[in-house]
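J.: What follows is a predicted structure for the sequence shown.
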Amino acid sequence: MVGLQKWITGAILVLGCYYLGTWLSFSTGLPLPGALTGLLILLAVLFIVPKAEPLVARAASPLLSHMSVLFVPAVLGVSAYWKEIAQNGWAIGIAIVFTTCISLGISAKIAEKLLASRHGHFSQVPTDKKVPANKKVADQVTRQQDVKKGSENDRGY
C-alpha cells in the first residue's frame, strides 16, 4: 500500500509540473512548449527538494521501460513524409551535422571555462612534473621552483 501511495505521489508531481508548465507557457506567451517548461519546473523541484527524486523515479519507471511504444507515432510520421525527407536528404543531413558540431563546440568551450575556473588555468600545471626540453627551459624551471620555495618559506609554510 505504501508503494502505491509513493507511485501516486510521484505521478501527481510529474503531471502537476507538466500542467503547470503548459499553463505558464500558454498564459505568459513563452516561446517554449509547455512540456519543456514543465520539465524545467520538475528539474527545479528536484534540485530544491531532493527527497522527491525517488517518488518521481518510481512513477516514471513504467513509462521509461515502454519508451519504444511511445515513439511509434514519430516513426509513423517519418514514413508518412518519406518523399519530402528523401527530396531534402542532403539539407537535413548537413543541418544535423552542422548543428551537432556547433553544439559540441559550445559545450566544450563551456566545459573548458568551468574546469579552468574550478581548478585554475590549464597552463598552471605543476612545474616539477614537466620534463624540460633543453637546458634553458631547465634553468627557468629551477628558478621558478626556487622562487616558489622562497615565497612559501616567507609565509611560514
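T.: On my side now, so go ahead.
J.: where does this protein have low pLDDT?
T.: Scanning the chain for pLDDT under 70 picks out 119-157.
J.: And the residue nearest the centre of the chain?
T.: Geometric centre of the chain, nearest residue: S107, 8.7 Å, by Cα atoms, centre = their mean.
J.: Secondary structure element holding that residue?
T.: Per DSSP states H and E: S107 is located in helix 89-119.
J.: that older thread, would you mind listing the residues in contact with the residue nearest to the centre of the chain?
T.: Counting by Cβ atoms under 8 Å, 6 or more residues apart in numbering, S107 touches no other residue. Heads up, the C-betas are built off the backbone N, CA and C, glycines and all.
J.: Look up how far I96 lies from it.
T.: From S107 over to I96 the distance is 16 Å, taken as Cβ to Cβ, to the nearest Å.
J.: now swap in S25 and tell me
T.: Distance from S25 to I96, counting by Cβ to Cβ: 27 Å.
J.: burial measure for G10, as a count.
T.: 20 (other Cβ atoms under 10 Å).
J.: quick one, strands of the chain?
T.: Applying DSSP state E to the chain gives no strands.
J.: now the helices for the protein?
T.: Here the chain has its helices, by DSSP state H, at 2-28, 34-48, 53-65, 67-70, 72-80, 82-87, 89-119, 135-155.
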